[in-house]
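S.K.: predicted model follows, preceded by the sequence.
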Amino acid sequence: MRQPEPLDVIEELRTFLSFAVPLRSADLAAKIKSWGFSRTQAVAWLTSEAERAGVSLGGRGDVLQLSDRIPRTGRARDTVVRTADDFVSGIAAAGLLAQLEGRGGVTVFGDYYGASSVPSGTESPEPAEQSAPPYDGNHEN
């Protein structure tokens, strides 16, 4: 049995990310808080998470782009799940890093992931189309 063709693959991905990234961001932030990380430790850990996600996407990202529409099972399905999970973690980590740097968040596929407001004394983020450059796997953009 063939998988149905999505109406718009990018819209499907954006919908997935709109649910998954905020949840992962909250999870990462809760870990940082529960582990008692200092700001420096949080930046180092989030940087390593973003870099790990980038390495994963570099090595296995094609499984998210290329599909023959045959249902995946076993190892192939696990690879897709791990890669999608790493993609979400990378965006969430990059968004949190941007918040720690006072930039508010990141924009991915035109959607903004980050703080809707920032603590007083810092600049609030501008609209997504003007403020944060697109996430390209490098947290220093």
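M.R.: Yep, it's here. Residues are numbered from 1 along each chain as shown.
S.K.: switch to C-alpha atoms for all contacts and neighbour counts from now on
M.R.: OK.
S.K.: what ranges does the protein have for its helices?
M.R.: Using DSSP state H, the helices found in the chain span residues 9-34, 39-60, 62-65, 74-100.
S.K.: just the buried positions in the last one, please.
M.R.: When you say that, I think you mean helix 74-100. 79-80, 83-100 (16 or more other C-alpha atoms under 10 Å).
S.K.: pLDDT on that helix, on average?
M.R.: Helix 74-100 carries an average pLDDT of 88.
S.K.: which non-adjacent residue is nearest the residue positioned nearest the centre of the chain?
M.R.: Central residue check for the chain by C-alpha atoms, centre = their mean: the C-alpha nearest the mean position is that of Ile91, 1.6 Å away. Excluding the flanking residues, the one nearest Ile91 by C-alpha to C-alpha, 6 or more residues apart in numbering is Val21, at 6.8 Å.
S.K.: contacts only, for that neighbour.
M.R.: Each residue near Val21 by C-alpha atoms under 8 Å, 6 or more residues apart in numbering is listed here: 88-89, 91-92, 113.
S.K.: worst-scoring helix or strand of the chain, pLDDT-wise?
M.R.: Sorted by mean pLDDT, DSSP states H and E, the helices and strands of the chain end with helix 62-65, the least confident at a mean of 70.
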